[in-house]
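Chemist: Structure, please.
(chains A and B)
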Amino acid sequence: MAKESTVLIYGTNLGGYRAAYAFCKKGYKVILLNRGRYVDEMKNQALAQLPLDFCWICGHMPQRLFKAIGCVTDCYNAELLEVSGEAGHFKVKYRTKAQLVNNFACAECDQCIEVCPVRVGDRKAIFVHPEAAWENIYLIDWEQCTRCGKCEEICPTGALKLERSEEVQEMDVGVIILAPEFDEPIEADLEEFGLGKTPHVMKNSTIARKSLLTNFVRDSVTLPSGKVPQSFGIVITPHFNKSGIEYENYNLSVSAAHRAVKLKEILPEAQVTIFLRDYRGFGKKHYLWYKKAQDAGVQLVKTHKLKMTPQGEENVAIEYEENGRGGTQRVELAILITGQKSPALMEPLSRICGVKADDRGFCQIRPFSSCETDVDGIFAVGEFSGPKGNPETIWEGCAALTEALKYLGEPNFQRAAPPPLKDMAGERPRVGVFICSCFGTFNKRMDLEVLRETTEGLPGVSHTEIIRACCTPATIKETAERIKKSGVNRVVLAVCTPLQKLLKYRKTVMMAGLNPLLTEYVRLREDVIYVHKDRDKMLTKALALIRVGIERVRRGAQASPPTDAFTPHALVIGGGLSGLVAADGIASNGFTVTLVEQKDTLGGHIEYLWPAQKDYVWSLISKVESNSNVIVYKNAVLKETAGYAGNFKATVSTPDGDVSVDTGVVILATGAREYRPDGFLYGKDPRIITQLELKERLPQLLKAERGPRAVAMVQCVGSKDARHPYCSRICCDQALENAIKLRQKNSDVTIFYRDMTSYGQENLYKKAGKLGVKFVRFEDHHYPEVRKSGKTLEVVTANGNKQEADLVVLSTGIVPDIANNEDLSFLLGYPLDADGFFDSDANAYPYEEAIKRLTKPYEWATNCIYPVGLAHSPRGFDACILTARDAAGRALTILGKKRMPPPNAMYVADVKESLCMGCGVCVDVCAYSARHIDPSKKVAVVHPFLCDSCGSCVAICPNDASYLTDFKSNQPIGALDVLLGT
Amino acid sequence: MKEFEPKIVYFLCDWCGTGGCETASAHHLYYPENVLISRVHCTGSLSAVHILRSLIEGADGVVISGCHPGDCHFETGNYRARRRVAVVKSILETLELGPERVWFRYVAHGEGRRFVDTAAEFNDHLKKLGPNPLKLRRDT
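Modeler: Numbers count the residues shown, from 1 in each chain, chains lettered A, B, ... in the order given. Just a heads-up that it's a prediction; the model follows:
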């Protein structure tokens, strides 16, 4: 029996969205069960996790694009009811109820709001969601609504229906992905912090939502009395809350630091204090926020005990205590940075599909998998399987593709071919001006008929018309037909907002057989109707803007979108754990892989691993080596690369001579090294060793009658110091594991630490504490000193505390292999970050700049070069595997596509060769390395796959030879002349 | 005498600038009608020629808004624009038009209020500054 190909995704956390995106792109139909009432209802939870008050994630959600082309079926108010069958042949039953206002059919004309007779505060009973940013989401206040039906009556598109019935549907699917959103702690969970008892305590997520997309930081923290607080206390609640209520995930410490820095920026005089137990910035560049907060004058209080008491109507008192020292601070606003609870959906879902919970109540993932549950063919991504941050959640979305493809049948979705475009070459421009009336609503504010008449007489205009709209399926069709009938070859559409509806407008003109480069979209609503008052002046301005549009289309030239071949091959550099996982992920899904390893054996730093993990790596090595899709070169290095994303030509130097490899994607899995400490008397005494050396000696020590009498461990050696401003992430876990084992042999273990950041291993920290491992904190850069007095070793802290030890263990961090990374960085033109690891996109989430990189399709964001594992940043075993599978998934979405349009479709730069003199300034200015000078012709050449259409080359070109396809040099000048000529 | 109404060209980048402008519209924030919007893909793609051309063709002032530093969709476009505006200002000084006819101000996607305030402030500023001398010269 052929396997099913449809994928069911339950829930809309970021991982679910990302998985939907990846499967659609790969050609599989996806059913997306959204538990919420509208697109972003649950997504906003993810925002609460993001350190920023800005995300733009909704703009890249798969529904909008893939629903439009028919790949995604989305269901709202959905609930999964039954699952039967097995992997590849699941039968699912779910309940769904359509949105009251179908936002895909809604034209946002606001007529429903106008006719609504019920006023609720400053809004009506039907209102636009104030926080969802990308699209206007219309909601009905069901309690206040009188069901008068006026809105339904007036809705011109039929998008609004007050009665929606519940439907139960059954489907056959191949794979199920569980992606429910995380459960935020509620008021009762945060009782001890005074949430809900006083307005002086607020959740960070509330503030994030308030200041979302508005940057109104000041407004978002203003107290109900109207006062802007001058003292803030930021509390990371999972550090202090009763255990088991909430779990800390990836970004909380960074969220705290970010919030503090933002507050300091807006209110420089304010006093901002962060209360936390340890600063846990595990991710790439997270530790920099700690320094940023310190530099901004934020006070950080690390404490184990904290008590919050509201003080009447005035403020909140925060009492803290650490090692007998403590104090009280009164703050006007306490901001709670909250974690996540174990999912409430775990119980019903384990009943429905048999997935099991782990000891914390999260969904259990099978060993050595990134997201497959105990049930074959059922995957769990994102916060459902543990407390997580956004980068991990997003990685899991693509990792699910890598792991799930084996259960699916052939791709079952083929995109319909775009409508054929008429060839306009040589035709005299005949411009049609189409003015949208938004179902008659624009007429009320402005005299559209006069505007149309005035436009009619303009040079080049052969047709003018007022249309109903062109943003709902029916009106798009209607307008396309009108454009076709009018016989024009260039179009100016005067509409509301191309920012949101560009694809719809483009579709309209393409359905009429016109090239989108021969169209202009004038923002009649955004630039004129909604922002001006004087009707005469509005008319003048609208006319000027339409004339600009006419001028631009008259000067526009048609061009078909360039396409380029894509080599269906992957090159993996580095045969360690991450490289093996990535190679296996791609090869076992049917694509050829070249694996290049510097040493003569595969497996990388296998000595770091525990026995079970070693066995896994051994089995992976034999799997990869026996796969006919993989060619392994050992003792080999990358010597040269040419080409560009999608079509790299690499030369690999092997013991048997140079080999040339044509590849579409490159995966960098070059790993990293252990830090070799200088100082701490390391190497001067055999009793001073690193955690890794301890791990090797441990079996011996544990066999002995008695363990060492006193062991001292020093954390953060070579991490979070001046030279290595990052957390190495694995050393705390290693230290805790070793300490527990030693303590069980009755050794006295003292851990000198700055912050215990045992990521995802909270239980180890607790267990160590219970067993009697002593923890002694040192401040920032005051590392304890290791001294030798006579025969005994001592560890001396900055404040003079001495601790004798038989064995001193240094928890050394991870450092990048700088020389090797720099070579590869140079060869591939791929940047390194400040620490010497390879730069990346998603992991740099806390940094504003990085968000922008995500606006390209994910798999293109790093130009088909994917750093994974330790080459990317320090991380543990599971996270290495995860990034490798994510990269494999990203590569799989594009491998196998023979010819592809560039990521920016037709809006790319090009060069007019007759004008180009090959000076090369455009090559220097290009931030994307998308240009080079052709050595024989001596002209600049653009790689469309790399170009991001920023236009820097256009502005810098001294000869006007560079242009963007929609921004030819004479277009803006002509447009300016017209704009000012009116 | 009729009050002088300056003609203003407001260049916005397609990302934050346009976003700010659309946020203003979503909140129905008012700004003067004589502010004419012109969009460029990135402020970095705006050439000095475009700014000067606007002033020659009769604009009384030019204001440019793009993403905040570090926020540029294209990484560095707004820095290029900032430098270019500085150059244009020095050119304007040489021409004795004064550097104050060109403003460069960052507007983020959500800063609809800032966009509207900039437009209004620049309008008032130009009213005080008077018409573009180039325009007078051409009119006579």
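Chemist: In a strand, A:F23, correct?
Modeler: No: per DSSP: H, G, I helix; E, B strand; the rest coil, A:F23 lies outside any strand segment and is helix.
Chemist: give me every residue that touches it.
Modeler: With contact set as CB atoms under 8 Å, 6 or more residues apart in numbering or on different chains, A:F23 has these partners: A:V7, A:V30, A:L401. Backbone N, C-alpha and C define where each C-beta goes, glycine included.
Chemist: Which of those fall within strands?
Modeler: In strands, judged by DSSP state E, the following of the contacts of A:F23 are found: A:V7, A:V30.
Chemist: Quick check: the residue of chain B nearest chain A.
Modeler: Each residue of chain B has a distance to chain A, by CB to the nearest CB, and the smallest belongs to B:S45, at 2.4 Å.
Chemist: Would you mind measuring from the residue of chain A most remote from its centre to chain B?
Modeler: Summary for chain A: using CA atoms, centre = their mean, the residue whose C-alpha lies farthest from the chain's mean C-alpha position is A:G790, with a distance of 55.5 Å. Applying CB to the nearest CB, to the nearest Å, the value for A:G790 to chain B is 56 Å.
Chemist: State the distance from that residue to A:E804.
Modeler: Relative to A:E804, A:G790 is positioned 11 Å away (criterion: CB to CB, to the nearest Å).
Chemist: and what of A:P655?
Modeler: Separation of A:P655 from A:E804 (CB to CB): 53 Å.
Chemist: just A:D835 next, same as before
Modeler: From A:D835 over to A:E804 the distance is 36 Å, taken as CB to CB.
Chemist: burial of whichever residue of the stretch 551-700 of chain A sits closest to chain B, as a residue count?
Modeler: When you check the stretch 551-700 of chain A against chain B by CB to the nearest CB, the closest residue turns out to be A:R552, at 10.3 Å. By other CB atoms under 10 Å in any protein chain shown, the residues close to A:R552 number 24.
Chemist: isn't it right up against A:I973?
Modeler: No: here A:R552 lies out of contact with A:I973, judged by CB atoms under 8 Å, at a distance of 10.7 Å.
Chemist: in the chain, what secondary structure element scores lowest on mean pLDDT?
Modeler: Reading this off chain A. Within chain A, confidence by mean pLDDT, DSSP states H and E is lowest for helix A:848-853 among all helices and strands, at a mean of 44.
Chemist: Quick one: the strands in the stretch 501-650 of chain A, in order.
Modeler: Taking DSSP state E, counting those that start in this stretch, the strands of the stretch 501-650 of chain A run over residues A:519-523, A:564-565, A:569-573, A:592-596, A:630-633, A:637-644, A:647-654.
Chemist: Lowest average pLDDT across those strands?
Modeler: Comparing mean pLDDT over the strands of the stretch 501-650 of chain A, the weakest stretch is strand A:564-565, at a mean of 87.
Chemist: now for that strand, which elements pack on it?
Modeler: Helices and strands touching strand A:564-565, as assessed by 3 or more CB pairs under 8 Å, 6 or more residues apart in numbering or on different chains; DSSP states H and E, comprise strand A:899-900.
Chemist: C-terminal to the strand it packs on, what's the next element?
Modeler: For strand A:899-900, the following helix or strand on the C-terminal side (DSSP states H and E) is strand A:909-911.
Chemist: Show me the contact partners of that following strand.
Modeler: Judged by CB under 8 Å, 6+ apart, the contacts made with strand A:909-911 from elsewhere in the structure are A:559, A:922, A:930-931, A:939-942, A:947, A:949, A:951, A:953-954, A:961-965.
Chemist: rewinding a little: for A:P655 and A:E804, indicate the residue with more neighbours.
Modeler: Neighbour comparison, A:P655 and A:E804: the larger count goes to A:E804, with 14 against 9 (by other CB under 10 Å).
Chemist: contacting residues for residue 130?
Modeler: Using chain A. When contacts are counted by CB under 8 Å, 6+ apart, A:P130 is found next to no other residue.
Chemist: look at chain B instead
Modeler: With contacts taken as CB under 8 Å, 6+ apart, B:G130 has the following neighbours: B:F4.
Chemist: Got the phi and psi for it?
Modeler: Comment: the main-chain dihedrals of B:G130 come out as phi 90, psi 180, following degrees, to the nearest 10.
Chemist: In three-state terms, label A:A887 for me.
Modeler: Per three-state DSSP, the secondary structure class of A:A887 is helix.
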